[in-house]
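Enquirer: Could you look at this predicted model? Sequence included:
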Amino acid sequence: MAQIFETLMLIFFGLSWPFNIAKSLRSRTAKGKSLLFEAFIITGYLFGLAGKFISGNVTYVAAVYVLDILMVSADFVLTCRNRRLDHAKEEESV
């Protein structure tokens, strides 16, 4: 039962990332985004995944951790790209 609740938690946390990724793609700006926040989220998921391996309790839940890590990592990369785009726009306007 605990694995079901953990999976549901991960799914509900993970539901926001596709929307965040789409917004990052459309907006082409990093305004309002924090790389540090996203790095903390990725680190938290990695600790959760490590806990699964350390406890020897690697189940389907690990796949949800990996999926969430991949989505947050994609948004992290887009935020880096958008920061470069923001910087280029600032230089053009000077």
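Expert: It's in.
Enquirer: in the protein, which residue is closest to the centre?
Expert: Nearest to the mean C-alpha position of the chain, by Cα atoms, centre = their mean, lies residue 72 at 1.4 Å.
Enquirer: Does it lie in a helix or a strand, and which?
Expert: Assigned by DSSP states H and E, residue 72 falls within helix 60-93.
Enquirer: Give the other helices and strands that that helix contacts.
Expert: Contact here means 3 or more Cβ pairs under 8 Å, 6 or more residues apart in numbering; DSSP states H and E; on that basis helix 60-93 packs against helix 2-14, helix 16-27, helix 35-55. Every C-beta, even on glycine, is put in place using the N, C-alpha and C of the backbone.
Enquirer: What residues of the longest one count as buried?
Expert: Taking 16 or more other Cβ atoms under 10 Å as the neighbour-count basis, helix 35-55 is seen to contain the buried residues 38, 41-42, 45, 48-49, 52.
Enquirer: now, which of these sits nearest residue 2?
Expert: residue 52 (12.1 Å; Cβ to Cβ).
Enquirer: Contact partners for the closest one?
Expert: 58-59, 61-62, 65 (Cβ atoms under 8 Å, 6 or more residues apart in numbering).
Enquirer: So for it, what's the pLDDT?
Expert: Note on residue 52: pLDDT of 95.
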